[in-house]
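*Asks:* Fold the following and give me the result.
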Amino acid sequence: MVKLNDKNVIELGTPKVISRGRCKYGVFIDTETCNMDKMIFDFSGKVINLKTGAIKEEFSFVIEDTYKTRNIITGQFSRKKRKDYPKLLKNGSYKMITRQELVDFLQKLFTTYKIDVVGAFNIAFDLQALYNTLTYTNNRMKYFKKPIIQELEELEFFKVDMLDLWAFASIIFHSKEYKAWYIQKGYKLTPKGCMKTGVEMLCRFLKENTFFKELHKGQADLDNEHLIFIASCLMRNNKKMLVNVSGLKAVSTLAKPQRAKTNSKTYQMFIKQTLVSC
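*Replies:* Numbers count the residues shown, from 1 in each chain. Next up, the predicted model:
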């Protein structure tokens with residue numbers, strides 16, 4: 001269960017190792033925010049069977065309260081993207097809902113599927129964005145007349161274990177194969193001398209497509225993150241997940257798992273039939 005510190009910053013719960021085999025469903029989320037306060041205007045998710053990786057349900061929402069409040073959408077990137085959504089709403093790719101309807105939807109989702117885990121590629125960011133959008137603490141009071149939630153405990157979403165997908169995918173970017181591929185392709189290191197390990201770079205590696213570009217839109221991004229989750233599950237020769245820890249702290253805490261043999265017939269078949277086609 002997450003908590004707030006005295007600066008209204010989300011802190012994850014107690015770190016622990018859980019078994020995917022004992023879990024049922026997880027919900028993976030992706031948020032697109034529109035200003036420095038991390039207010040969400042695009043909230044998308046996939047309900048996934050954590051044992052098999054199968055997708056059970058998908059949803060994509062435009063948050064009406066933020067989308068229609070022009071002084072919220074102040075970022076240059078979000079202002080440009082805003083022009084794409086009328087078409088997406090018209091063709092049914094997205095549904096416009098209010099903040100209250102989002103809370104009602106999430107509560108029903110957790111009741112229906114008994115969600116065990118919430119996951120995101122940078123879970124701390126997405127949780128903070130959701131909390132900021134649903135409350136009016138600090139400078140966010142200027143946006144809305146009232147909060148939708150006042151306590152974290154009001155939303156089941158914040159009560160379950162949290163999976164940082166970037167940390168879970170560390171088995172991919174710490175592998176000899178990824179390092180050799182990165183060097184062979186001539187990719188530059190970050191200013192700190194590290195390899196890039198974002199969704200776009202990991203998908204270039206998994207899809208064997210050096211021209212792959214991330215769209216930064218709900219379901220398209222989640223398709224990529226689902227791919228990374230499945231690949232990470234395959235490479236980890238167990239069903240263990242470290243939850244409630246994010247970022248570098250999670251990577252350093254993770255015990256080095258026994259890796260599956262990437263030259264095995266099962267792994268190669270999965271790569272060819274599933275990953276490359278995603």
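*Asks:* So for this structure, which residue is the most central one in space?
*Replies:* residue 120 (2.1 Å; C-alpha atoms, centre = their mean).
*Asks:* show me what contacts that residue?
*Replies:* 28, 29, 30, 31, 126, 127, 163, 164, 165, 225 (C-beta atoms under 8 Å, 6 or more residues apart in numbering). Heads up, the C-betas are built off the backbone N, CA and C, glycines and all.
*Asks:* Looks to me like the third one is in a strand.
*Replies:* Yes - the assignment for residue 30, made by DSSP: H, G, I helix; E, B strand; the rest coil, places it in a strand.
*Asks:* Neighbours of residue 71, how many?
*Replies:* 8 (other C-beta atoms under 10 Å).
*Asks:* what number of residues lie near the closest residue to it other than its chain neighbours?
*Replies:* Leaving aside its sequence neighbours, residue 71 sits nearest to residue 143 (C-beta to C-beta, 6 or more residues apart in numbering; 7.8 Å). Neighbourhood size, residue 143 [other C-beta under 10 Å]: 17.
*Asks:* and residue 143, what is it in contact with?
*Replies:* Each residue near residue 143 by C-beta under 8 Å, 6+ apart is listed here: 37, 39, 65, 66, 69, 71, 72, 136.
*Asks:* try 7 Å this time
*Replies:* By C-beta atoms under 7 Å, 6 or more residues apart in numbering, the contact set of residue 143 is 69, 72, 136.
*Asks:* So how do I select the buried members of the residues you listed in ChimeraX?
*Replies:* Here is the ChimeraX command that selects the buried residues among the contacts of residue 143 (16 or more other C-beta atoms under 10 Å):
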select :72,136
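*Asks:* out of the contacts of residue 143, which are inside strands?
*Replies:* Per DSSP state E, strands hold no members of the contacts of residue 143.
*Asks:* ranking the contacts of residue 120 by neighbours, who comes first?
*Replies:* Within these, most neighbours by other C-beta under 10 Å means residue 163, with 28 neighbours.
*Asks:* Need the residues that contact the helix or strand hosting residue 112.
*Replies:* If you go by DSSP states H and E, residue 112 is part of helix 99-113. Helix 99-113 has contacts (C-beta under 7 Å, 6+ apart) with 25, 27, 43, 47, 61, 63, 65, 97, 115, 133-134, 148-149, 155-157.
*Asks:* Show me the shaky parts of the protein.
*Replies:* 76, 137-141, 252-278 (pLDDT under 70).
*Asks:* What segments of it are strands?
*Replies:* 3-4, 10-11, 16-19, 25-33, 40-49, 55-63, 95-97, 115-120, 161-164, 240-243.
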